[in-house]
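A.B. asks: Okay, structure incoming, though there's no sequence with it:
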């Protein structure tokens, strides 16, 4: 289905680009910012409007990874690559895909929020002892709603914090060690930074935020996702992380991994400062000054 969509979209790509360029001329923006669709970048270059792309990935590499084997893929990939090359600058927040096919990239620091750590508040809300450890389940929409929580491990002094809809889909939602996220009424980043461990999957957001907030992580691998190698390598270098396959989550081996991670010493890695948003804003500002 993905290839069908791309074939349709690129069957009249030049026409789409011209139409988008005319619309941009009518709007008259000072700059086009993309995160990270490519048509607008291509259109902006046609009418001389500066543009900035910002993302840890790009759709040329993603498309090539999944659809590059089709006979007609090369032309589509070329369209996408050329569009990105037409940006004034492509900002790559650490950690990003290499994007070696582009000559207009600029690296910036990670883009992530730093939360307010409040473990005592978690214990107050759940009426738990000071020995209680909290494990946040943050795996997005990949399968967790259908996961058989009936076999989820019960560990001494461990409370599992799940998305509300995950517990709503399970007959085990009455377990005393299962708590919905909404019970804390906290911003997600504050909740993450208040926990002792997070279970997530390969993905920029939670992996970077767990590192900058110094939260140990168990990461479900996604080896078929093109970013996987770069995110995993960066996480291992800067954070405290163990990797697990999806079919092993909830097993005794998973329970052992959780116990091991919770028993480790305090964070010893060097702090990672997420200044990427500020650095990106400065670059955008400079592009606007160039145009004036």
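C.D. replies: Here it is on my side, so go on. It should be emphasised that the depicted structure is a prediction, and the values quoted were computed from it without experimental measurement. Residues are numbered from 1 along each chain as shown.
A.B. asks: Surely residue 120 is in a strand?
C.D. replies: No - using DSSP: H, G, I helix; E, B strand; the rest coil, the assignment for residue 120 is helix, not a strand.
A.B. asks: Need the pLDDT of it.
C.D. replies: Note on residue 120: pLDDT of 98.
A.B. asks: Same check on the one 3 residues further on?
C.D. replies: The pLDDT attached to residue 123 in the predicted structure is 98.
A.B. asks: try residue 266
C.D. replies: Residue 266 is assigned a pLDDT of 86 by the prediction.
A.B. asks: next one: residue 172
C.D. replies: Per-residue pLDDT puts residue 172 at 71.
A.B. asks: Quickly note the distance from the nearest residue to it once chain neighbours are set aside to residue 166.
C.D. replies: In space, residue 172 comes closest to residue 149 once its chain neighbours are excluded; the distance is 4.4 Å by Cβ to Cβ, 6 or more residues apart in numbering. (Glycine included, C-beta is placed from N, CA and C.) According to Cβ to Cβ, to the nearest Å, residue 149 stands 8 Å off from residue 166.
A.B. asks: returning to what we had before: which residues does the residue nearest to residue 172 contact?
C.D. replies: Listed by Cβ atoms under 8 Å, 6 or more residues apart in numbering, the contact partners of residue 149 are 166-167, 170, 172-173, 175, 178, 250.
A.B. asks: ok, of the residues you listed, which come out buried?
C.D. replies: Buried members of those, counted by 16 or more other Cβ atoms under 10 Å: 166-167, 170, 178, 250.
A.B. asks: Which element, helix or strand, includes residue 5?
C.D. replies: Using DSSP states H and E, residue 5 sits within helix 2-10.
A.B. asks: Show the average pLDDT along that helix.
C.D. replies: 98.
A.B. asks: What helices and strands are in contact with that helix?
C.D. replies: For helix 2-10, the elements it packs on are helix 59-67, helix 73-85, judged by 3 or more Cβ pairs under 8 Å, 6 or more residues apart in numbering; DSSP states H and E.
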